[in-house]
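[1] model the following, please.
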Amino acid sequence: MYRKPGTPDPIVVSHLNHWYGSGETRIQVIFDATLSIAPGSLTILKGPSGSGKTTLLTLIGCLRDVMDGSLRLLGTELNGASEPAQVALRRRIGFIFQAHNLHASLTAQQNVRMGLEVHGTHGNRDRYDDAAAHALRMVGLDHRLHYLPGNLSGGQKQRVAVARALVGNPEIVMADEPTAALDQESGRVVVEILKALGRERGTTTLMVTHDDRIMGLADRVLTMEDGRIVSDTAPR
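    Numbering: from 1, shown residues only. Model (predicted):
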């Protein structure tokens with residue numbers, strides 16, 4: 001696992017609580033979550049449906065407002081953070097979801113290029129295509145640059161989505177069930193790419209998954225039940 005001396009943890013959560021609804025219908029879904037995630041690590045968050053995994057992931061990813069407790073992301077406190085501050089942090093994160101959400105009318109390269117355009121990445125726009133092609137080569141799809149999603153397999157589509165998340169060199173990757181629709185080989189390829197980025201670039205990955213086939217690749221596995229983190233282990 002990659003870590004420069006003195007590098008602070010990019011994700012630090014302390015006594016985090018979260019609720020849905022209001023008044024009599026208010027339901028607590030996260031209870032006193034406390035954790036710290038090291039740079040360059042691949043951490044898996046698992047647990048049954050409804051345990052709070054995705055809620056915690058979206059809180060850490062600045063997709064929900066922090067209600068109670070402390071959540072520091074890349075050195076910025078999210079409790080009370082302004083919308084511009086949260087937007088700036090989102091631009092430093094790559095998001096991968098189970099649904100690849102590719103645009104059917106765009107080629108693989110064009111879909112990945114959107115990862116730079118949507119996030120307002122600075123740099124020479126003439127190099128965006130080169131960057132997209134490089135990201136696709138990284139996930140083994142250099143021979144599919146100009147293919148439309150309709151002409152790609154399910155595993156190839158998900159790898160395009162991974163390339164789109166990684167093209168801007170994010171400091172953190174948030175992945176929600178990225179291997180659920182993939183066969184064992186394709187799923188392992190996706191996770192090994194993320195793990196390699198941790199070693200080589202210090203990219204930190206937090207992944208929600210039920211996929212037992214990839215648990216052994218993680219540096220750390222957190223288990224949630226009923227909104228609480230109930231175990232924290234490092235696979236052998």
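
[2] residues near residue 186, how many?
    Using other Cβ atoms under 10 Å, residue 186 has 16 neighbouring residues. Bear in mind the C-beta positions are built from the backbone N, C-alpha and C, glycine included.

[3] which helix or strand in the protein has the lowest average pLDDT?
    Here the helix or strand of the chain ranked lowest by mean pLDDT, DSSP states H and E is helix 184-201, holding a mean of 87.

[4] the residue lying closest to residue 195 once chain neighbours are set aside and residue 60, how far apart?
    Of all residues not flanking residue 195 in the chain, residue 42 sits nearest, at 5.0 Å (Cβ to Cβ, 6 or more residues apart in numbering). In this view, residue 42 and residue 60 are 15 Å apart by Cβ to Cβ, to the nearest Å.

[5] with residue 126 instead?
    Distance from residue 126 to residue 60, by Cβ to Cβ: 34 Å.

[6] which of the two has more residues huddled nearby?
    Remark: of residue 126 and residue 60, residue 60 carries more neighbours, 25 against 7, as counted by other Cβ under 10 Å.

[7] surely that one is in contact with residue 70?
    No: with contact defined as Cβ atoms under 8 Å, residue 60 does not reach residue 70; the gap is 12.0 Å.

[8] flag the shaky bits of this structure, pLDDT-wise.
    Applying pLDDT under 70 to the chain picks out residues 1-6, 119-125, 236.

[9] let's see it at 80
    1-7, 98-99, 118-126, 180-182, 186, 234-236 (pLDDT under 80).

[10] and the helices in it, which stretches?
    53-60, 83-90, 108-117, 128-138, 154-166, 184-201 (DSSP state H).

[11] now do the fifth one: which elements does it pack against?
    Just to be clear, that refers to helix 154-166. Contacts defined by 3 or more Cβ pairs under 8 Å, 6 or more residues apart in numbering; DSSP states H and E place helix 154-166 against strand 93-97, helix 108-117, helix 128-138, strand 172-176, helix 184-201.

[12] pull up the overlap in contacts between residue 60 and residue 70.
    By the contact definition Cβ atoms under 8 Å, 6 or more residues apart in numbering, residue 60 and residue 70 are jointly contacted by residue 13.

[13] you'd agree residue 114 is up against residue 103?
    Yes: the pair residue 114 / residue 103 is scored as a contact, 7.3 Å apart, by Cβ under 8 Å.

[14] the more surrounded of the two?
    Taking neighbours as other Cβ under 10 Å, residue 114 and residue 103 compare with residue 114 leading, 16 against 11.

[15] need the contact list for that one.
    So residue 114 contacts 103, 106, 164 (Cβ under 8 Å, 6+ apart).
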